[in-house]
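Novice: Fold the following, please.
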Amino acid sequence: MKDIQNQFDYRNIPIDKVGIKDLKYPITVLDRRNNIQHTVASINMYVDLPHNYKGTHMSRFVEMLHLFRPEVSLKKISVILEEMKEYLNAASANIEVTFPYFIEKTSPVSKSPGLMDYICSFLGSSDPEGKVDLVSVVVVPISSVCPCSKEISESGAHNQRGQVRLSTRFNKFIWIEDMIELVEDAASCEVYSVLKRVDEKHVTEKGFSNPKFVEDIVRDVADKLKKDSNITWFSVSAENFESIHNHSAYASITSGHDPYL
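Specialist: Predicted coordinates for the structure are as follows:
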């Protein structure tokens, strides 16, 4: 049968990225407590396309990914990228794997168990020289109490739920749990899926005694990461979904250039 994708294109314009987006696929990720965790990822896969080719073979992305099932994990990203380049006759390749990651957390006082879900991503690229770049991303829900509101109010202070996005490059493997805990420690208080009344009292009082601006949160995270010799690059942002405004408060710190953000 005629291979239309391999036909010559006369416009003389190369394409930076071409491929598939939002492919749902089962994967395994390393779990600090349970060794591995099974989850379902949304995967984007791209390669470059030289100016002389009309198109790429979209079905080959899925076929190639299936060869690694279920080992689509961080430690396999480099291998997958090189296979993408070879299988699709490309000079560069990119893959983005985004998935929910679940951690069992017990409430602070009653010790009631519940599952917290965190959105995580592995971002990988391989350039024409074969240099592989890996970025690990966690998105962590947090709670914050406004220091200004506490200072100027005769009683109480406004508080809100927020979200911190932390992206890192590293020398050695880092646990997803370690990055999540680092972020939660920088918040006014952690977020839990199950809270009894005694727990609600605890988190309310803890947050009130530990007020944080978004500026405080990103600075506290950045301060710890700068002291970690294993972290070679990071980007951290915090967004508070304000309870007294119709807008969010936002702050971010990046230690260097990031091609993904």
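Novice: Would you mind extracting the C-alpha trace of the least confident helix or strand in the chain by mean pLDDT into PDB?
Specialist: None of the helices or strands of the chain scores lower by mean pLDDT, DSSP states H and E than helix 58-66, at a mean of 81. What follows is helix 58-66, C-alpha atoms only, in PDB (Å, rounded to 0.1, in the frame of the first residue of the first chain):
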ATOM      1  CA  MET A  58       1.000   8.200  14.300                       C
ATOM      2  CA  SER A  59       0.200   4.500  15.000                       C
ATOM      3  CA  ARG A  60       3.800   3.700  15.700                       C
ATOM      4  CA  PHE A  61       3.800   5.800  18.900                       C
ATOM      5  CA  VAL A  62       1.100   3.500  20.400                       C
ATOM      6  CA  GLU A  63       2.700   0.300  19.000                       C
ATOM      7  CA  MET A  64       6.100   1.200  20.400                       C
ATOM      8  CA  LEU A  65       4.700   2.200  23.800                       C
ATOM      9  CA  HIS A  66       2.900  -1.100  24.000                       C
END
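Novice: List the buried residues for that helix?
Specialist: Residues of helix 58-66 classed as buried: 60-61, 64-65 (neighbour count, 16 or more other CB atoms under 10 Å). For every residue, glycine as well, the C-beta is placed using N, CA and C.
Novice: how about those residues in TSV, adding distance to residue 243?
Specialist: Shown next, in TSV, are the buried residues of helix 58-66 (distance: CB to CB, whole Å):
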residue	distance to residue 243
60	49
61	43
64	47
65	43
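Novice: closest to residue 227 among these?
Specialist: Among the buried residues of helix 58-66, residue 65 lies closest to residue 227 (CB to CB), at 37.8 Å.
Novice: for that closest one, what are its contacts?
Specialist: Shown in contact with residue 65 (CB atoms under 8 Å, 6 or more residues apart in numbering): 23, 25, 43, 45, 72, 80.
Novice: any low-confidence regions in the stretch 51-200 of the chain?
Specialist: Across the stretch 51-200 of the chain, the ranges flagged by pLDDT under 70 are 51-56, 69-73.
Novice: dump the residue contacts of residue 128.
Specialist: Contacts for residue 128 (CB under 8 Å, 6+ apart) come out as 91-92.
Novice: for it, helix, strand, or coil?
Specialist: Secondary structure assignment for residue 128 (DSSP: H, G, I helix; E, B strand; the rest coil): coil.
Novice: Quick check: phi and psi on it?
Specialist: phi -60, psi -20 (degrees, to the nearest 10).
Novice: how much space is there between it and residue 109?
Specialist: According to CB to CB, to the nearest Å, residue 128 and residue 109 sit 56 Å apart.
Novice: ok, now residue 214?
Specialist: Counting by CB to CB - residue 214 and residue 109 are separated by 28 Å.
Novice: who has more neighbours, these two?
Specialist: Neighbours were counted for residue 214 and for residue 109 using other CB atoms under 10 Å; residue 214 has more, 21 against 15.
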